[in-house]
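Trainee: Okay, sequence plus prediction incoming.
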Amino acid sequence: MITEQWIDDIVRRYNEEEGQALKFSGTILLATEHQAPVATSYGYANRSERIANTPHTRFGIASGCKIFTAIAICQLIEQGRLALDTRLSELALPLPQVHPEMTVRHLLTHTSGIPDYFDEAVMTDYESLWKTLPMYTIDGPSRFLPLFADQPMKFEPGAEFAYNNAGYIVLGLIVEQLSGQRFAEYIQIEVFEACGMEDSGYFRMDRLPERTALGNVGEDDDWRTNIYSIPVLGGPDGGAYTTAHDLRKFWAALMEGRLLSTEMTAELLRPQVETDEEGLYYGYGVWMTQSDGQIVKYFVMGFDPGVCMLSSYYPSLRAEAHVLANIDSGAWWIASEVDEQILHGAS
């Protein structure tokens, strides 16, 4: 049985055992097929005004929204405007050079080899990106192009898996080109509204709506918000805002086939490529763990300065867990503890 006290104990252990200088701040929501959702919140959405986080607070989810981009691409494929094996060279994209064999599928599965504007294998300071290109200018997919478009390929398409943010920027450009809409507008209508996610959106950092948490960077006695740390407007590779309750609506809509056909949903959720970690796979915009040929859970995750999240769906149990935070640590640690309870019934 999952209780608020059980969640409290996890957060207390995280704060104590990890020795975090900035204590966990966010919302945790757990739900199983046989138990009503249990949601509890910690810390402040606005530390200066001492406005507390609640289960209805909107949090930035960084790369957690790559799955929305993947769904948009799959919708366009179902409409006959695109194919998984369409080569980028066949599309009139504003890219100075495109490998002739690079396809849409390569971009979706992080196997394209396209140069990344933030290569997480060799870079750790995301804020350093905005020293030459101000973050307040980044308000659409095309604004990212100066950061990677002229760089050399990392490897031949299909040669390996390497997590890549720029690939999803390019997917966003495809969505804009084929739909005739700005990327954020397309996702708002075709994903958020289709799911009934009334509290979700790509909000500007300088015009956040009510009940939105400000991201915090630093320590409890030396902190600042992340307003200068990430793009002013999120895009295809990350930066949407949502709530724990809206994530429940999203997973329900996806699993019930309300966003894509049954066949395309299965394709999106099928293990497409194995990562460097045993048992960890990637589909289209979604991670998954597999054991004995069976999917144990699907999940999306995101980490940015002042942001961390992990949202999981356990198909065999029809259970879910959402950990959203307005600090940049804790989500993975807490989600791992939650796995033990949901998958193994640990107390």
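Mentor: In hand now; what should we look at?
Trainee: And the helices in the stretch 201-347 of the chain, which stretches?
Mentor: Counting by DSSP state H, counting those that start in this stretch, the stretch 201-347 of the chain has helices at residues 244-255, 262-268, 331-344.
Trainee: Report the buried residues of stretch 276-290.
Mentor: Across stretch 276-290, burial judged by 16 or more other C-beta atoms under 10 Å covers 281-289. Glycine gets a C-beta too; all of them are placed from N, C-alpha and C.
Trainee: now those in TSV, with pLDDT and distance to G60?
Mentor: Formatted as TSV, the buried residues of stretch 276-290 follow (pLDDT from 0 to 100; distance: C-beta to C-beta, whole Å):
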residue	pLDDT	distance to G60
Y281	97	26
Y282	98	22
G283	98	23
Y284	98	22
G285	98	17
V286	98	19
W287	98	19
M288	98	23
T289	96	25
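Trainee: And the top strand by length along the chain, how far out from the chain middle?
Mentor: For the chain, the longest strand by residue count, based on DSSP state E, is strand 294-304. Counting by C-alpha atoms, centre = their mean, to the nearest Å, strand 294-304 is centred 9 Å from the centre of its parent chain.
Trainee: and if you look at stretch 329-347?
Mentor: Its chain's C-alpha centre and that of stretch 329-347 lie 19 Å apart, by C-alpha atoms, centre = their mean.
Trainee: Tell me which residues are up against that stretch.
Mentor: With contact meaning C-beta atoms under 8 Å, 6 or more residues apart in numbering, stretch 329-347 is reached by 2, 6, 10-11, 13-14, 18, 20, 22, 24, 26, 28, 30, 32, 296-297, 299, 301, 303, 308-310, 312, 314, 317, 319, 321, 323-325.
Trainee: next one: stretch 43-55
Mentor: By C-beta under 8 Å, 6+ apart, the surrounding residues in contact with stretch 43-55 are 23-27, 29, 39-42, 57, 211-214, 216, 223, 243-245, 326-327.
Trainee: Can you classify the nearest residue to L147 once chain neighbours are set aside by secondary structure?
Mentor: Among residues not flanking L147 along the chain, Y117 sits closest, at 3.6 Å (C-beta to C-beta, 6 or more residues apart in numbering). Under DSSP: H, G, I helix; E, B strand; the rest coil, the three-state class of Y117 is coil.
Trainee: For Y117, what are phi and psi?
Mentor: Main-chain dihedrals, Y117, degrees, to the nearest 10: phi -80, psi -20.
Trainee: Which one of the buried residues of stretch 276-290 is nearest to D150?
Mentor: When the buried residues of stretch 276-290 are ranked by distance to D150 (C-beta to C-beta), G285 comes first, at 26.2 Å.
Trainee: could you measure that closest one against S63, distance?
Mentor: For G285, the distance to S63 equals 9 Å [C-beta to C-beta, to the nearest Å].
Trainee: shared neighbours, those two?
Mentor: Both G285 and S63 are contacted by V300, under the criterion C-beta under 8 Å, 6+ apart.
Trainee: Around Y117, count how many other residues there are.
Mentor: The number of residues packed near Y117 is 20, by other C-beta atoms under 10 Å.
Trainee: you'd agree it is up against A149?
Mentor: No - with contact defined as C-beta atoms under 8 Å, Y117 does not reach A149; the gap is 9.0 Å.
Trainee: for the most centrally placed residue in the chain, what are its contacts?
Mentor: By C-alpha atoms, centre = their mean, the mean C-alpha position of the chain lies nearest to G64, the distance being 0.8 Å. Shown in contact with G64 (C-beta under 8 Å, 6+ apart): 238, 240, 300-302, 309-311.
Trainee: tally of neighbours for M1?
Mentor: Around M1 there are 10 other residues, counting by other C-beta under 10 Å.
Trainee: tell me the contacts of it?
Mentor: Q35.
Trainee: how close does I10 get to D339?
Mentor: From I10 across to D339, the span is 11 Å (C-beta to C-beta).
Trainee: just to revisit the earlier point, filter the contacts of stretch 43-55 down to the buried ones and hand me the ChimeraX line.
Mentor: Selection of buried members from the contacts of stretch 43-55 for ChimeraX, criterion 16+ other C-beta under 10 Å:
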select :23,24,25,26,27,29,39,40,41,42,57,212,213,214,216,243,244,245,326,327
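Trainee: Among the contacts of stretch 329-347, name the buried ones.
Mentor: The neighbour-count criterion (16+ other C-beta under 10 Å) marks 2, 6, 10-11, 14, 20, 22, 24, 26, 28, 30, 32, 296-297, 299, 301, 303, 308-310, 312, 314, 319, 321, 323-325 among the contacts of stretch 329-347 as buried.
Trainee: Go through those residues and flag which are in strands.
Mentor: Per DSSP E, the buried ones among the contacts of stretch 329-347 map to strands at 26, 28, 30, 32, 296-297, 299, 301, 303, 308-310, 312, 314, 319, 321, 323-325.
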